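Peer 1: Fold the stuff below for me.
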Amino acid sequence: MHIKNKKENTMKPFELGDIFLGCTELIEDIDDHKGNGRILQYDKDFNLKGILWTEGTDHLVIGLKIDPKGILWAFDMHNHIVIRVSPDGKQLPNHHFANRAFSNVTFDKDGNIYLGEALVGNTPYPGSYMKRLPGSDLLGEANIYKFDSALQLQEIYDVAYSPEFHHFKGITHSTMHPSEAFITYTTEIGKKIMRYDIQQSKQMDDLLVLPGDLTDQNVAIAVNYLNDGRLLHSRGDRIEILNEDGAIIQTIGLEEHGWGIAQVSPSYDQEHFFTANIFTGVAMKIRISDGEILGSIDTGYRAPKRSLAGIAEYGSLDDS
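Peer 2: From the prediction side, this is the model:
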């Protein structure tokens, strides 16, 4: 599939502190994930700098992440598209990694790439187009795929996932532990924070298991490590910070800003983090030490027009 987008791209070369939002221009009511793929670029002071209309996509652009080379990654999981944008603000040619619904990525210092397969089973999101695996009625198998720096497949990790009541979500959020010994990940609105040992290729004990049934809002959503091993965990209306044993050592309540914080991303300075709320359409920058909100961006997309599905900040790069 190739969709030629005629809209003007105004994204600028990346600068320190730039903030990127996956915020697709939705165009349909029945399939409320369908639209013109779009990444918004803001400067460190939350001023809009530019827009990239993504080539080859026609559904939500999600799961933004900056790799160690400064390349911005994002995904159209509905169409098995991996988006990469170079630091000059130009989209790189699409590379077909696999016939899989990837939605998240993490990296190691050797240049390896770990892609999380977001879909599982055969029951798609109601009303939404979701590409199935070739020759199958399955949406996916909820695995993690390892590629080397040349984008060649190295290994497929058959990982556990945490069933949720929609029955289609697999590996939706992932983060590399600072030791690079394992990946910590979640099934969005499932009940677990899980871990997989990528050195020994084996499932580890869950870091966290939440009580309750699948219809409540006591769920695990997004995770992301700070450099010191503390884990940022979105609980929908708050951010919990966990230690290495999975104990909550800090809670930052954000209840007044609505339920639906679906992305959490540390700042390069490790003193702040960013959140993206898919229901309110508001992104925020928050100081870790005291939970103070230092700035916000209102995309104008709030439920039922839900489009804010990824956030990342461009930071200092590792030259090692």
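Peer 1: what's the following helix or strand after the helix or strand containing residue 283?
Peer 2: Under the criterion of DSSP states H and E, residue 283 resides in strand 282-287. Note on strand 282-287: by DSSP H and E, the next helix or strand toward the C-terminus is strand 293-298.
Peer 1: Between strand 282-287 and that next one, find me the angle.
Peer 2: Angle, strand 293-298 to strand 282-287, by axes from the mean of the first three to the mean of the last three C-alpha atoms, to 10 degrees: 170 degrees.
Peer 1: who does strand 293-298 touch, helix- and strand-wise?
Peer 2: The criterion is 3 or more C-beta pairs under 8 Å, 6 or more residues apart in numbering; DSSP states H and E, and the helices and strands that strand 293-298 contacts are strand 282-287. (C-beta placed from N, C-alpha, C; glycine too.)
Peer 1: and the strand it packs on, which strands flank it?
Peer 2: Here the strand partners of strand 282-287, with direction, are listed using DSSP bridges: strand 272-277 (antiparallel), strand 293-298 (antiparallel).
Peer 1: So which residues make contact with the last one?
Peer 2: In this structure, residues lying in contact with strand 293-298 by C-beta atoms under 8 Å, 6 or more residues apart in numbering are 19, 21, 42, 45-46, 272, 281-287.
Peer 1: Recalculate using a threshold of 6 Å.
Peer 2: Residues outside strand 293-298 that contact it (C-beta atoms under 6 Å, 6 or more residues apart in numbering): 46, 282-287.
Peer 1: follow-up on the earlier one: show residues contacting the strand holding residue 283.
Peer 2: 21, 272-276, 293-298, 311.
Peer 1: If you count neighbours, what's buried in that strand?
Peer 2: Under the neighbour-count criterion of 16 or more other C-beta atoms under 10 Å, strand 282-287 has 282-286 buried.
Peer 1: what does stretch 16-26 give?
Peer 2: For stretch 16-26, by 16+ other C-beta under 10 Å, it's 17-24, 26.
Peer 1: what's the average pLDDT for that stretch?
Peer 2: Stretch 16-26 shows a mean pLDDT of 98.
Peer 1: again, but for stretch 278-292
Peer 2: Average pLDDT, stretch 278-292: 98.
Peer 1: Would you mind measuring the gap between the ends of it?
Peer 2: Criterion C-alpha to C-alpha, to the nearest Å; first-to-last residue distance in stretch 278-292 is 21 Å.
Peer 1: Next up, the contacts around the residue nearest the centre of the chain.
Peer 2: Taking C-alpha atoms, centre = their mean, the centroid of the chain lies closest to residue 63, which sits 2.6 Å from it. By C-beta under 6 Å, 6+ apart, the contact set of residue 63 is 75, 103-104, 310.
Peer 1: redo that, cut-off 8 Å
Peer 2: Listed by C-beta under 8 Å, 6+ apart, the contact partners of residue 63 are 22, 73-75, 77, 102-105, 263, 309-310.
Peer 1: Check residue 310 too.
Peer 2: With C-beta under 8 Å, 6+ apart, residue 310 has these contacts: 20-22, 61-64, 74, 263, 276.
Peer 1: Kindly report the same for residue 183.
Peer 2: 106, 114, 144, 174-177, 195-196, 198.
Peer 1: As JSON lines, those residues with secondary structure and neighbour count would be great.
Peer 2: JSON lines is the format used below for the contacts of residue 183 (DSSP: H, G, I helix; E, B strand; the rest coil; neighbours: other C-beta atoms under 10 Å):
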{"residue": "106", "secondary structure": "strand", "neighbour count": "25"}
{"residue": "114", "secondary structure": "strand", "neighbour count": "24"}
{"residue": "144", "secondary structure": "strand", "neighbour count": "23"}
{"residue": "174", "secondary structure": "strand", "neighbour count": "25"}
{"residue": "175", "secondary structure": "strand", "neighbour count": "24"}
{"residue": "176", "secondary structure": "strand", "neighbour count": "21"}
{"residue": "177", "secondary structure": "coil", "neighbour count": "17"}
{"residue": "195", "secondary structure": "strand", "neighbour count": "21"}
{"residue": "196", "secondary structure": "strand", "neighbour count": "22"}
{"residue": "198", "secondary structure": "coil", "neighbour count": "22"}
